[in-house]
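J.: show me the folded form of this:
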Amino acid sequence: HIPEAIRRAVILRDGHCAWPGCDKRPAACDVHHVRHRKDGGPTSVESCCLLCNFHHDICVHRWGWTVELLPDGSVTAVSPAGQVIRSHAPPPPQAA
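T.: Residues are numbered from 1 along each chain as shown. Prediction:
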């Protein structure tokens with residue numbers, strides 16, 4: 001269960017399904033724990049994202065993809081076989 005305040009904050013932050021390339025509106029989405037609650041994942045804005053029913057139920061829960069929220073605001077989805085999909089390219093390395 002996701003508290004309503006966290007649900008609203010995740011919807012405001014993500015605006016649509018967070019899966020790279022998907023733009024399903026919030027009404028068609030669920031708030032997903034990036035690290036599953038059963039595995040100790042916290043229920044917080046920082047540890048949840050908005051995923052449409054297909055990406056949440058099928059890709060994550062049926063096919064075993066994982067989703068990672070990165071500090072720069074991007075999202076990475078990784079398949080069990082190691083295929084990586086990014087919402088945008090990672091930032092260039094900073095000069096030392």
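J.: count of residues packed around residue 12?
T.: Residue 12: 11 surrounding residues under other CB atoms under 10 Å. (Glycine included, C-beta is placed from N, CA and C.)
J.: next one: residue 61
T.: 13.
J.: is the closest residue to residue 23 other than its chain neighbours in a helix, a strand, or coil?
T.: Using CB to CB, 6 or more residues apart in numbering and skipping residues adjacent in sequence, the residue nearest residue 23 is residue 16, 4.7 Å away. What DSSP: H, G, I helix; E, B strand; the rest coil gives for residue 16 is coil.
J.: wait, residue 16 touches residue 49, no?
T.: No. If you go by CB atoms under 8 Å, residue 16 and residue 49 don't touch, sitting 10.8 Å apart.
J.: these two: which is more packed in?
T.: Between residue 16 and residue 49, counting by other CB under 10 Å, residue 49 is the more crowded of the two (24 against 15).
J.: so the more buried one lies in a helix, does it not?
T.: No. Assigned with three-state DSSP, residue 49 falls outside any helix and is strand.
J.: is it bridged to anything, and to what?
T.: Here residue 49 shows beta-bridge partners residue 32, assigned using DSSP bridges.
J.: my guess is it meets residue 14, correct?
T.: Yes. Judged on CB under 8 Å, residue 49 makes contact with residue 14 at a distance of 6.0 Å.
J.: just checking, what packs against whichever strand or helix holds residue 8?
T.: Take DSSP states H and E as the rule and residue 8 turns out to sit in helix 4-14. Helix 4-14 sits against strand 29-33, strand 48-52, with contacts defined as 3 or more CB pairs under 8 Å, 6 or more residues apart in numbering; DSSP states H and E.
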